[in-house]
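S.K.: Fold the following and give me the result.
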Amino acid sequence: IGPSGCGKSTFLKCLNRMNDLVEGCKITGSVTLDGEDIYGNMDVNKLRKRVGMVFQNPNPFPMSVYDNIAYGPRTHGIRNKKVLDEIVERSLRNAAIWDELKDRLKDMDIRVVSGMDGLIEIAEYKTSDILVTAIVGMIGIRPTVAAIKAGKDIALANKETLVTAGHIIMPLAKEKGVSILPVDSEHSAIFQSLQGNTHDSIEKILLTASGGPFRGKSREFLKHVKLEDALKHPNWSMGRKITIDSSTLVNKGLEVMEAKWLFDVALDQIQVVVHPQSVIHSAVEYQDGAVIAQLGTPDMRLPIQYALTAPERVESPAKKLDLLQCASLTFGEPDLQTFTCLADCIEAAKRGGLYPCLLNGANEEAVALFLQDKIEYLQLFDLVRETLEHFAASDYRTVEEVLEADAKAREFVRSRVGQKQFGCVK
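M.R.: Residues are numbered from 1 along each chain as shown. Predicted structure coming up:
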């Protein structure tokens with residue numbers, strides 16, 4: 001997570017005390033670094049220097065730990081990620097587990113929080129200056145609002161917050177005098193390209209898209225796409241939900257809406273450009289015809305770092321871009337006839353009000369169903385469009401209204417999937 005004193009040692013100590021927190025399960029196995037079993041020896045001083053990051057659920061451990069810890073009775077020899085996912089997920093949803101963890105850590109200077117109350121407490125943490133909001137989905141709205149009210153700058157990686165509640169978030173940030181710093185690679189590129197220029201000199205924003213794994217494919221081809229196909233992004237290594245969104249181009253549609261709020265521009269000032277090489281992460285065209293772009297390797301460490309150091313630049317662990325190794329940079333228009341989700345996102349943004357929230361909620365629910373292998377790939381597109389067509393126009397003033405609309409969209413998707421006449425439901 002960071003340098004000395006940041007909590008890496010504490011994490012390993014906690015890990016060592018997690019045995020028996022889940023009934024019938026026991027942490028066994030080893031953490032091997034350079035051939036040495038450090039976890040078995042609990043050499044914290046060595047291990048703390050090597051652990052780089054502790055990941056959020058569902059992958060809460062560094063990969064070296066994740067691959068080597070075995071969950072389950074020792075006699076069964078269970079040693080795989082699927083079992084780990086299931087146990088971690090069950091644990092996180094079980095309040096008794098958190099109570100047990102709090103009890104086991106009561107003699108240590110560690111405060112265990114959970115649920116929405118825990119997220120809000122972290123967001124308002126008194127000694128912090130900036131909050132990185134990297135939670136996937138609508139759950140990020142309330143903690144973000146809490147952090148802004150507490151005067152924290154926001155490093156925004158949760159695009160759904162602005163997509164669904166931009167009308168609330170941006171005025172609130174202005175009122176409290178806090179900065180919203182983009183973490184998404186495209187929005188970070190735009191942010192960097194705007195430095196030193198005035199807002200009224202912007203002609204348009206060029207929002208790049210790789211095109212995803214199915215760029216150039218037909219609607220007929222998409223009928224046969226399976227989950228494992230959609231999870232293979234050609235350039236970026238990301239979470240499962242955002243990888244699916246990238247394959248349908250929903251992610252790019254959400255980014256259009258996010259850019260509208262972040263940079264205070266009209267929708268017709270945002271142009272999506274397909275750039276398969278993912279070298280130019282986005283650009284800004286100015287009134288005089290100049291185009292300023294940010295280029296780099298497709299590595300999320302770059303935009304994350306800049307959000308935390310801006311406007312300063314420091315040495316990065318990411319690989320440097322070598323232009324001599326870039327054989328060609330190509331550009332094209334997105335296929336809105338095949339990838340209808342992008343067109344639907346733009347339509348929702350034009351309608352305004354609660355439509356972006358309804359679309360986002362429908363998509364989140366549909367993607368969850370697809371990840372559970374309960375719907376076919378093309379049904380992702382159908383469910384988003386049907387949601388837009390089903391609901392009447394309405395505006396919002398409060399977070400509660402946004403959350404209510406989200407719940408309605410999700411319920412509509414579940415009801416449609418439950419109907420026999422809907423598509424090819426499994």
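S.K.: For the most centrally placed residue in the chain, which residues are in contact?
M.R.: Nearest to the geometric centre of the chain sits residue 136, at 4.6 Å (C-alpha atoms, centre = their mean). Residues counted as contacts of residue 136 (C-beta atoms under 8 Å, 6 or more residues apart in numbering) are 158, 160, 239, 241, 242. Where you see a C-beta, it was placed from the backbone N, CA and C, and this is true even at glycine.
S.K.: OK, contacts around the third one?
M.R.: Residues touching residue 239, when contacts are defined by C-beta under 8 Å, 6+ apart, comprise residue 136.
S.K.: repeat that for 6 Å
M.R.: Contact partners of residue 239, counting by C-beta atoms under 6 Å, 6 or more residues apart in numbering, are absent.
S.K.: Assign a three-state SS to residue 235, would you?
M.R.: coil (DSSP: H, G, I helix; E, B strand; the rest coil).
S.K.: per-residue confidence at the residue nearest to the centre of the chain?
M.R.: On pLDDT, residue 136 comes in at 81.
S.K.: I'd like to know how many residues surround the residue nearest to residue 371 when sequence neighbours are not counted.
M.R.: In this structure, residue 371 finds its nearest non-sequential neighbour in residue 240, 6.0 Å apart by C-beta to C-beta, 6 or more residues apart in numbering. Residue 240 sits with 16 neighbouring residues when counted by other C-beta atoms under 10 Å.
S.K.: Pull up the gap between the residue nearest to the centre of the chain and residue 306, please.
M.R.: 21 Å (C-beta to C-beta, to the nearest Å).
S.K.: next one: residue 333
M.R.: 29 Å.
S.K.: Comparing those two, which shows the higher neighbour count?
M.R.: Neighbours per residue, other C-beta under 10 Å: of residue 333 and residue 306, the larger number sits with residue 306, 24 against 9.
S.K.: Excluding residues flanking it in the chain, which one is nearest the more buried one?
M.R.: Using C-beta to C-beta, 6+ apart, the closest residue to residue 306 is residue 188 (5.8 Å).
S.K.: Let me know the secondary structure of the closest residue to residue 186 other than its chain neighbours.
M.R.: Excluding the flanking residues, the one nearest residue 186 by C-beta to C-beta, 6+ apart is residue 282, at 4.3 Å. Of the three states, residue 282 takes strand under three-state DSSP.
S.K.: Enumerate every residue touching residue 282.
M.R.: Residue 282 touches 186, 189, 190, 207, 208, counting by C-beta under 6 Å, 6+ apart.
S.K.: Closest to residue 151 out of these?
M.R.: Of all the contacts of residue 282, residue 190 has the smallest distance to residue 151: 25.3 Å, by C-beta to C-beta.
S.K.: any idea of the mean pLDDT in the helix or strand where that closest one lies?
M.R.: Here residue 190, judged by DSSP states H and E, is contained in helix 185-194. Mean pLDDT, helix 185-194: 97.
S.K.: what residues does the very next helix or strand once past it touch?
M.R.: Downstream of helix 185-194, the next assigned helix or strand under DSSP H and E is strand 202-209. Around strand 202-209, the neighbours that count as contacts under C-beta under 6 Å, 6+ apart are 186, 190, 252, 259, 269-275, 280, 282-287.
S.K.: buried sites along strand 202-209?
M.R.: 202, 204, 205, 206, 207, 208, 209 (16 or more other C-beta atoms under 10 Å).
S.K.: List the contacts of residue 211.
M.R.: 274, 276.
S.K.: if we go to 10 Å?
M.R.: Shown in contact with residue 211 (C-beta atoms under 10 Å, 6 or more residues apart in numbering): 217, 234-235, 246-247, 249, 252, 274-276, 278, 332, 334-335, 339.
S.K.: mind checking how far it is from residue 112?
M.R.: 43 Å.
S.K.: quick one on the thing from earlier: just flag the most distant two among the buried residues of strand 202-209.
M.R.: 202 and 209 (19.8 Å).
S.K.: what's the helix holding residue 190 packed up against?
M.R.: Packed against helix 185-194, as judged by 3 or more C-beta pairs under 10 Å, 6 or more residues apart in numbering; DSSP states H and E, are the following elements: strand 153-156, helix 159-176, strand 180-182, strand 202-209, helix 250-263, strand 280-286, strand 291-295, helix 301-309.
S.K.: okay, that helix in CSV with CA atoms only?
M.R.: Output of helix 185-194 as CSV, limited to C-alpha atoms (Å, rounded to 0.1, in the frame of the first residue of the first chain):
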residue,chain,number,x,y,z
SER,A,185,-7.3,6.9,-18.2
GLU,A,186,-9.3,8.9,-20.7
HIS,A,187,-10.5,11.6,-18.3
SER,A,188,-7.0,11.9,-16.9
ALA,A,189,-5.7,12.4,-20.4
ILE,A,190,-8.3,15.1,-21.0
PHE,A,191,-7.5,16.7,-17.6
GLN,A,192,-3.8,16.7,-18.5
SER,A,193,-4.5,18.1,-22.0
LEU,A,194,-6.4,21.0,-20.5
